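[1] Fold the stuff below for me.
(chains A and B)
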Amino acid sequence: MNEETRQAEAQREEYLANVTRMLRSRMSPLESYESVEELRAHITAMAAAYQEMGLEPHQAMELALQRFGSADTIGKGLATASSTPAKPRFAMPLAVPIVLVASTLLGGFLMKAVDLSFMAIFPTTSPTPPEVDLAISFFVCLVVAPVGWLMRKRPALHCGLLGLLVMNGALFLTLYRTYMSLHRDAALLFLVVSLSVAIFTLCTFASAFARVVERRYAYFTKFTVR
Amino acid sequence: MPRNTLQASGNLVGLILAVLSDESLHGYGIAREIERRSENALTFGEGTLYPALKHLESQGHVVGHWRTPEGPGPARKVYEITPQGQQELVRIRTAWAEYSRSIDSVFGGHPEPITP
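    You can find the predicted model right below:
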């Protein structure tokens, strides 16, 4: 594949990425993938026809994209025509505090599990002081996450989010230890409630993970002949 | 005399159904057929076919099936018109005939330009 063809393909993929961005919130991953594949095939056929007329690959692709129409217009049109209703606007502000609370409690349980495992393996070791957990998670969250965000590197961003989780967990553990020494029964009730929320959070993450798997699987699925 | 190109965007749904009533085609094929039948007189952003096709699919006027070609090339989604789509096409054709009759009556049957 020569440089011109690569350039032409890059133009096409940038165009399709702009369309995909408009479809994310309105279509399932599979529906979005199928729509983009249709557009890709059409644009490629148009560019090939222009190349047969004598245009260079990047000129043919430029003309094809021009004649195809604006990515914004087509993306919005597809999103509007999609059968999936738009997510209600109020869900977003509601989701933020729920996710923060759930991630705090989940982080607390993770920290407790790590503490107990460590003490089981090394019986003479005392539990990690919460200050050490806080220091480590601060570093991960406050340093790595912004760098990852600026560089748009997903693994670094995930590390940052994990750090936030750990920090929340460390805070939770400190509160729990202080509280439990004063009111044991109330602390046990609090533990049961927070365990339920943590399980709910895990289910939410599992569901999000399943959507990622569905998108990846759809990419490699062969379309059946009817 | 230079040919005027007309915007097809307002009548895209009718054009798509008219093409599909004769044969099942994918999006690129529909665009080429509209171009051929109109002798290149009708212009539209070819990408706008896809929101129209999606709308027709959601209304049940067309159905799309993915087909893998026998030779090299990607799988393509081919659309075919449904009986409901045929009824919609008849409705659109009737509405268009009435509309063009009204326009013709205003123009008063003078196809040549009036010179001062």
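[2] and the gap between the residue sitting nearest the centre point of chain B and A:L39?
    By Cα atoms, centre = their mean, chain B has its centre lying nearest to B:L15, at 1.5 Å. For B:L15, the distance to A:L39 (Cβ to Cβ, to the nearest Å) stands at 19 Å. In short, each C-beta sits where N, CA and C put it, glycine included.
[3] And for A:F68?
    Taken as Cβ to Cβ, the span from A:F68 to A:L39 is 8 Å.
[4] ok so, going back, name the nearest residue to the residue nearest to the centre of chain B, ignoring sequence neighbours.
    B:I34 (5.4 Å; Cβ to Cβ, 6 or more residues apart in numbering or on different chains).
[5] hang on, the one you found in a strand?
    No - using DSSP: H, G, I helix; E, B strand; the rest coil, the assignment for B:I34 is helix, not a strand.
[6] near chain A, which residues of chain B?
    B:26-28, B:31, B:45-48, B:50-52, B:54-55, B:58, B:65-68, B:74-77 (Cβ under 8 Å from any Cβ of the partner chain).
[7] Let's see which of these end up in strands.
    Cross-referencing these against strands under DSSP state E gives B:26, B:65-67, B:76-77.
[8] I'd like to know which of those residues is nearest to chain A.
    B:W66 (3.7 Å; Cβ to the nearest Cβ).
[9] If I follow the layout properly, that closest one ends up in contact with B:Y79?
    No - B:W66 lies out of contact with B:Y79 (Cβ atoms under 8 Å); the separation is 10.9 Å.
[10] More neighbours: the two, which one.
    Higher neighbour count among B:W66 and B:Y79: B:Y79, with 24 against 18, using other Cβ atoms under 10 Å in any protein chain shown.
[11] The more buried one in helix, strand or coil?
    strand.
[12] Just list the residues touching it, thanks.
    B:20, B:24-27, B:30, B:53, B:56-57, B:62-64 (Cβ atoms under 8 Å, 6 or more residues apart in numbering or on different chains).
[13] One more pass at 6 Å, please.
    Going by Cβ atoms under 6 Å, 6 or more residues apart in numbering or on different chains, B:Y79 touches B:20, B:62, B:64.
[14] top of the residues you listed by neighbour count?
    Most surrounded of the contacts of B:Y79: other Cβ under 10 Å gives B:L20, at 25 neighbours.
[15] Look up how far B:N40 lies from it.
    Counting by Cβ to Cβ - B:L20 and B:N40 are separated by 20 Å.
[16] go on, A:H58?
    Taking Cβ to Cβ, one finds A:H58 at 25 Å from B:N40.
[17] go on, A:V36?
    Distance from A:V36 to B:N40, by Cβ to Cβ: 28 Å.
[18] about what we covered before: isn't the residue nearest to B:L15 right next to B:I16, touching?
    No - taking contacts as Cβ atoms under 6 Å, B:I34 lies outside contact range of B:I16: 8.0 Å.
[19] Compare neighbour counts for the two and give me the winner.
    Between B:I34 and B:I16, counted using other Cβ under 10 Å, the more crowded position is B:I16 (27 against 21).
[20] helices or strands up against the helix or strand containing the more buried one?
    Under the criterion of DSSP states H and E, B:I16 resides in helix B:12-20. Taking 3 or more Cβ pairs under 6 Å, 6 or more residues apart in numbering or on different chains; DSSP states H and E as contact, the helices and strands that helix B:12-20 lies on are helix B:27-37, helix B:49-59, helix B:83-107.
[21] how big is the angle separating the longest one from helix B:12-20?
    So the one you mean is helix B:83-107. Taking axes from the mean of the first three to the mean of the last three Cα atoms, to 10 degrees, helix B:83-107 and helix B:12-20 form an angle of 120 degrees between their directions.
[22] Any regions of chain A where pLDDT drops low?
    For chain A, the stretches flagged by pLDDT under 70 are A:1, A:83-226.
[23] Please apply the same query to chain B.
    Those would be B:1-10, B:109-116, if you go by pLDDT under 70 across chain B.
[24] Could you double-check that B:E80 lies in contact with B:S24?
    Yes - contact criterion Cβ under 6 Å: B:E80 and B:S24 qualify, at 3.9 Å.
[25] Neighbour count: the two, which is higher?
    B:S24 (17 against 14).
[26] from memory that one sits against B:I81, does it?
    No - using Cβ under 6 Å, B:S24 is not in contact with B:I81, being 7.9 Å away.
[27] Could I get the contacting residues of A:Y50?
    A:60, A:63 are the contacts of A:Y50 under Cβ under 6 Å, 6+ apart.
[28] Let's verify it: helix, strand, or coil?
    A:Y50 - assigned by three-state DSSP - is helix.
[29] Could you do B:E39 as well?
    Per three-state DSSP, B:E39 ends up coil.
[30] Give me the number of neighbouring residues for B:V106.
    6.
[31] What is the burial count for the closest residue to A:Q11 other than its chain neighbours?
    Closest residue in space to A:Q11, ignoring its immediate chain neighbours: A:M61 at 5.0 Å, by Cβ to Cβ, 6+ apart. Neighbours of A:M61 under the rule other Cβ under 10 Å: 27.
[32] With that, I have no additional questions.
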